[in-house]
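Participant: this is a predicted model, with the sequence first.
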Amino acid sequence: MSYLRSRQLLYAVGLAIYCIVFFKNAWVGDDAYILFRSIDQLLDGNGPRWNPHERVEVFTCPLWYWLLAAMGSINRNHYLNSILLSAACNLLLLWNLHKIFANARVWLLAVLMLVFSQAYFDFTSSGLENPLVYCLLSCVALFYLQEKLLHTAIACGLLLITRHDMLLFVLPLLVHSFLHAKQQRIALTPALFALLLPLASWTLFSLLYYGFPFPNTAYAKLGALVPRELLLQRGTIYFTTSILRDFISIAVLIVGVAAGFFNRNTAIRMMTLGITLHLAYVWWIGGDFMRGRFFGWDYLLCVIVLLYPITVSTTKLWFNRFNLVAAFFALSASISWALWKPPIATPISWGAEPFKMGDSVNGVTQERYFFFWFTSFTKYLQRDTPLLLDFGWCQDGLEQRRQSLPIASSHTVGMTGFCLGTDRILIDALGITDPLLARMPHNPSQRNWRPGHFVRQLPEGYCASIKHGDNRITDPAIAAYYDKIRLLTQSEDLFSLERLQTIWQMNSGAFQDDLQRIHANTAQLPTTQSDCPFVELPPELIEQLKHPQT
């Protein structure tokens with residue numbers, strides 16, 4: 001067999017393996033339906049928001065949101081759109097890896113390392129922005145290693161409006177690239193413009209439209225609601241729970257970071273520094289409840305860090321280095337398979353059945369396992385509908401409509417809100433989609449909290465305020481603060497002088513002392529509200545949901 005034919009065969013095998021595992025494992029999680037409902041609000045003419053009465057940025061991924069919204073304007077099947085867009089991002093990622101490695105055997109080894117990682121592959125779909133981040137990170141790595149400053153800046157600019165915290169990955173790369181370009185007397189202005197324009201444009205829009213520069217999720221999840229030492233304990237747990245359930249991901253992260261720092265290539269060391277900064281950030285914020293979600297990006301870059309030096313080596317030892325990495329992968333993959341099924345091995349019928357708990361360790365769960373039984377791509381093809389009528393959370397939203405409730409509360413708002421429709425109001429008890437509750441104190445009755453997901457204390461009169469369109473909050477301090485929130489999120493005149501002044505005051509910390517006094521009086525706030533009920537499903541419907549036909 002000729003060299004060209006053997007290369008083509010290796011690429012064909014790798015592409016087939018990746019695509020089969022992707023479509024076999026494709027799924028969509030509850031958080032994606034928060035995004036989908038916001039898109040529905042946009043397409044229904046209300047604008048990019050959660051509830052119809054107020055402007056709130058409920059997505060952390062502006063570029064992913066607008067790509068899905070563009071697809072939704074043509075075909076309003078958000079589930080299918082997210083799977084197709086994810087597939088496109090994954091295909092571009094594979095192409096970029098082909099350009100980075102320029103060696104079929106190394107590329108195939110990279111593909112095998114990816115399909116064995118739970119952290120990476122569980123989120124190649126899911127409806128969240130991970131696949132777009134994978135794609136853009138591979139673009140950044142490709143252009144950075146090729147020393148193309150302008151292309152690197154463009155890719156980084158798009159990455160930063162996909163997720164703001166991706167700055168930690170690219171900051172060392174950008175500093176190194178710009179310093180190198182300055183030494184080479186290359187014009188920096190075009191690259192700076194390409195880097196900053198997307199983020200500056202979106203931030204300006206966000207300030208004027210929403211009243212805040214960052215997504216509401218950032219204010220809800222990153223506030224100091226629990227002591228830092230407890231968050232660091234959860235951050236440590238987030239790392240350690242993957243050891244027995246996703247061994248290869250932890251092994252590749254450790255070996256990749258170590259190998260990267262010892263590499264003589266400055267570019268590889270800068271990529272490794274970005275990985276380290278991001279991993280430290282994940283630990284600092286307490287990790288997440290979705291196992292591996294925040295590791296997938298680091299894992300991808302560690303695969304590049306481990307394999308790229310093989311392809312650029314000028315010594316005759318490259319094949320020995322390849323064998324060393326291949327042996328490390330084989331050992332890590334074998335241990336992973338022995339401890340827990342990797343993505344390549346999970347069957348189509350996999351996942352937690354109705355009303356059965358998913359895999360969870362100290363609040364960290366394999367999210368795909370919990371939802372896969374209901375939202376896998378194969379189940380979607382069987383149902384031929386994006387509306388998951390046999391899932392309890394979806395039925396919660398439909399039950400709110402059946403009971404003609406204009407407003408209700410929920411701890412799980414994604415599918416509930418999506419099935420509810422865009423004309424009713426759903427209050428997020430966690431504050432993730434609510435601008436006031438995102439800033440309210442943690443409800444002390446919630447003991448088993450998860451990082452970034454804190455049940456809030458509802459101010460007395462808050463739900464009545466929303467229902468009647470005015471301010472009926474009984475606590476004077478909270479009522480005054482809510483007046484400011486309402487001005488930013490509900491005022492029809494976006495450019496009134498009062499609103500513009502309040503935007504400046506809110507984001508410059510002028511009301512921070514007021515907020516601290518509210519948090520100091522947490523004992524005075526109620527934990528439930530009679531006018532903001534949690535919807536309860538009829539017992540007969542619950543029994544029916546326990547035994548779905550599909």
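Facilitator: Noted; the coordinates are in hand.

Participant: pLDDT score for the residue lying closest to residue 72 once chain neighbours are set aside?
Facilitator: Excluding the flanking residues, the one nearest residue 72 by C-beta to C-beta, 6 or more residues apart in numbering is residue 39, at 5.1 Å. Any C-beta I mention is one placed from the backbone N, CA and C, and that applies to glycine too. Residue 39 is assigned 98 on the pLDDT scale.

Participant: quick one: contacts of the helix or strand hosting residue 14?
Facilitator: Element membership for residue 14 (DSSP states H and E) is helix 3-25. Helix 3-25 has contacts (C-beta atoms under 8 Å, 6 or more residues apart in numbering) with 1, 87, 90, 94, 98, 104-105, 107-108, 111-112, 114-115, 121-122, 124-125, 343-344, 346, 348, 368, 372, 376-378.

Participant: mind listing what residue 67 touches?
Facilitator: Per C-beta under 8 Å, 6+ apart, neighbours of residue 67: 85, 132.

Participant: mind checking how far it is from residue 158?
Facilitator: As defined by C-beta to C-beta, to the nearest Å, residue 67 lies at a distance of 11 Å from residue 158.

Participant: repeat that for residue 350.
Facilitator: 34 Å.

Participant: which one's more surrounded, these two?
Facilitator: residue 158 (20 against 16; other C-beta atoms under 10 Å).

Participant: list the contacts of the helix or strand hosting the more buried one.
Facilitator: Element membership for residue 158, per DSSP H and E: helix 149-160. Contacts with helix 149-160, where a contact means C-beta under 8 Å, 6+ apart, come from 63, 133, 136-137, 139-140, 143-144, 166-167, 169-170, 173-174, 177-178, 181, 186, 188, 190-192, 194-199.

Participant: now, which of the residues you listed lie within strands?
Facilitator: Within those, no residue falls in strands by DSSP state E.

Participant: sorry, back to before: thought the residue nearest to residue 72 was touching residue 64?
Facilitator: No - Residue 39 is not in contact with residue 64 according to C-beta atoms under 8 Å; the separation is 10.7 Å.

Participant: apart from its neighbours in sequence, what residue is nearest residue 361?
Facilitator: residue 241 (4.5 Å).

Participant: state the pLDDT value of that neighbour.
Facilitator: For residue 241, pLDDT reads 91.

Participant: run through the stretch 351-500 of the chain and note the low-pLDDT ranges.
Facilitator: Applying pLDDT under 70 to the stretch 351-500 of the chain flags residues 352-358, 384-387.

Participant: repeat that for the stretch 151-300 of the chain.
Facilitator: In the stretch 151-300 of the chain, residues with pLDDT under 70: 224.

Participant: just the helices from it, written as ranges.
Facilitator: For the stretch 151-300 of the chain, applying DSSP state H, counting those that start in this stretch gives helices covering 167-183, 189-209, 216-221, 228-245, 247-262, 266-284, 296-312.

Participant: put the buried members of the contacts of helix 3-25 into a ChimeraX selection.
Facilitator: Selection of buried members from the contacts of helix 3-25 for ChimeraX, criterion 16 or more other C-beta atoms under 10 Å:
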select :87,90,94,98,104,105,107,108,111,112,114,115,121,122,124,125,343,344,346,368,372,376,377
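
Participant: now, the contacts of helix 3-25 that are in helices?
Facilitator: Judged by DSSP state H, these include 87, 90, 94, 98, 104-105, 107-108, 111-112, 114-115, 121, 368, 372, 377-378 as members of helices.

Participant: just to revisit the earlier point, mean confidence for the helix holding residue 14?
Facilitator: 93.

Participant: tell me what angle it forms with helix 104-115.
Facilitator: 10 degrees (axes from the mean of the first three to the mean of the last three C-alpha atoms, to 10 degrees).

Participant: now helix 3-25: buried residues?
Facilitator: In helix 3-25, counting by 16+ other C-beta under 10 Å, buried: 10-11, 14-15, 17-18, 21-25.

Participant: adding distance to residue 489, write these out as TSV.
Facilitator: Below are the buried residues of helix 3-25 laid out as TSV (distance: C-beta to C-beta, whole Å):
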residue	distance to residue 489
10	54
11	51
14	48
15	46
17	47
18	43
21	42
22	39
23	40
24	42
25	38
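
Participant: just flag the most distant two among those.
Facilitator: 10 and 25 (22.5 Å; C-beta to C-beta).

Participant: name the SS class of residue 409, please.
Facilitator: strand (DSSP: H, G, I helix; E, B strand; the rest coil).

Participant: can you tell me which residues contact it?
Facilitator: Contacts of residue 409 (C-beta under 8 Å, 6+ apart): 426-429, 458, 463, 529, 532-534.

Participant: swap the cut-off to 7 Å and go again
Facilitator: Residues in contact with residue 409 (C-beta atoms under 7 Å, 6 or more residues apart in numbering) are 427, 429, 532-534.

Participant: mind giving me the PyMOL select for the residues you listed, buried ones only?
Facilitator: For anyone working in PyMOL, the buried entries among these, judged by 16+ other C-beta under 10 Å, can be selected with:
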select buried, resi 427+429+532+533
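
Participant: which of the contacts of residue 409 sits closest to residue 359?
Facilitator: The nearest member of these to residue 359, counting by C-beta to C-beta, is residue 429 at 24.6 Å.

Participant: show me which of the contacts of residue 409 is closest to residue 249.
Facilitator: residue 429 (32.1 Å).

Participant: quick one: residues contacting that closest one.
Facilitator: 409-411, 455-456.

Participant: burial count for residue 503?
Facilitator: Count around residue 503 with other C-beta under 10 Å applied: 20.

Participant: pretty sure it is in contact with residue 488, am I right?
Facilitator: Yes - counting by C-beta atoms under 7 Å, residue 488 is a contact partner of residue 503 at 6.4 Å.

Participant: common neighbours of the two, please.
Facilitator: Joint contacts of residue 503 and residue 488 (C-beta under 7 Å, 6+ apart) are residue 211.

Participant: still on that earlier bit, what packs against the host helix or strand of the residue nearest to residue 72?
Facilitator: Per DSSP H and E: residue 39 is located in helix 30-43. With contacts taken as 3 or more C-beta pairs under 7 Å, 6 or more residues apart in numbering; DSSP states H and E, helix 30-43 sits against helix 62-72, helix 78-101, helix 414-420.

Participant: so how far is that helix off the chain centroid?
Facilitator: Going by C-alpha atoms, centre = their mean, to the nearest Å, the spacing between the C-alpha centre of helix 30-43 and its chain's C-alpha centre is 14 Å.

Participant: orientation of it relative to helix 78-101 in degrees?
Facilitator: 110 degrees.

Participant: buried residues, helix 30-43. List them.
Facilitator: 30-42.

Participant: got it, and stretch 212-230?
Facilitator: Neighbour count says stretch 212-230 has 212-221, 223, 225 buried, by 16+ other C-beta under 10 Å.

Participant: follow-up on the earlier one: need the buried residues of helix 30-43 in TSV with distance to residue 542, can you?
Facilitator: As requested, these are arranged in TSV below (distance: C-beta to C-beta, whole Å):
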residue	distance to residue 542
30	18
31	24
32	25
33	21
34	24
35	28
36	25
37	24
38	29
39	30
40	27
41	29
42	33
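
Participant: closest one of the residues you listed to residue 394?
Facilitator: residue 33 (8.6 Å).

Participant: can you tell me the closest non-neighbouring residue to the closest one?
Facilitator: Nearest non-adjacent residue to residue 33 (C-beta to C-beta, 6+ apart): residue 414, at 3.6 Å.

Participant: roughly how far does that neighbour sit from residue 29?
Facilitator: Taking C-beta to C-beta as the measure, residue 414 falls 8 Å from residue 29.

Participant: check residue 432 too.
Facilitator: 14 Å.

Participant: cool, residue 481 as well?
Facilitator: 33 Å.

Participant: stretch 27-40: how far from the chain's middle?
Facilitator: 11 Å.
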